[in-house]
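K.L.:
Sequence and predicted structure are below.
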Amino acid sequence: MLFVLLVVCAGAVFILKFLLPRFMGNQHSNKGGHFELISRYALDLRRALYLVRIGKRFFVLGGAEQGLHLLTEISKDEIEK
């Protein structure tokens, strides 16, 4: 019985860690090509910074429990540095 419990727990960890992220986030195909998540930087468990491309423009967004907020727009030259 303990062995079965260990197998079930290991299976749950595998699914949550490896399989679930493949079906969520930036793994989906971007058919239109107008929006791209360039980078994500986690500040803590609830907040993150996102660098996104929308069309030909680049934006830094702040994400928290309250939603997304535009922080600044940056140029392509600043990204390449």
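P.N.:
Good, I have the coordinates. Bear in mind the structure is a predicted one, so any value in this text is a computation, not a measurement. Numbering: from 1, shown residues only.
K.L.:
Which strand residues bridge the residue lying closest to Ser75 once chain neighbours are set aside?
P.N.:
If the residues on either side of it in the chain are set aside, Ser75 comes closest to Phe58, at 7.2 Å by CB to CB, 6 or more residues apart in numbering. For glycine as for every other residue, the C-beta is placed from the backbone atoms N, C-alpha and C. Note on Phe58: beta-bridge partners Arg53, Ile74, judged by DSSP bridges.
K.L.:
Tell me the spacing between Glu73 and Leu61.
P.N.:
Spatial separation of Glu73 from Leu61 under the definition CB to CB, to the nearest Å is 10 Å.
K.L.:
more neighbours, those two?
P.N.:
Here Glu73 and Leu61 are set side by side on neighbour count (other CB atoms under 10 Å), and the busier one is Leu61, at 17 against 11.
K.L.:
quick one, what contacts the more buried one?
P.N.:
Taking CB atoms under 8 Å, 6 or more residues apart in numbering as the definition of contact, the neighbours of Leu61 are 49-52, 68-71.
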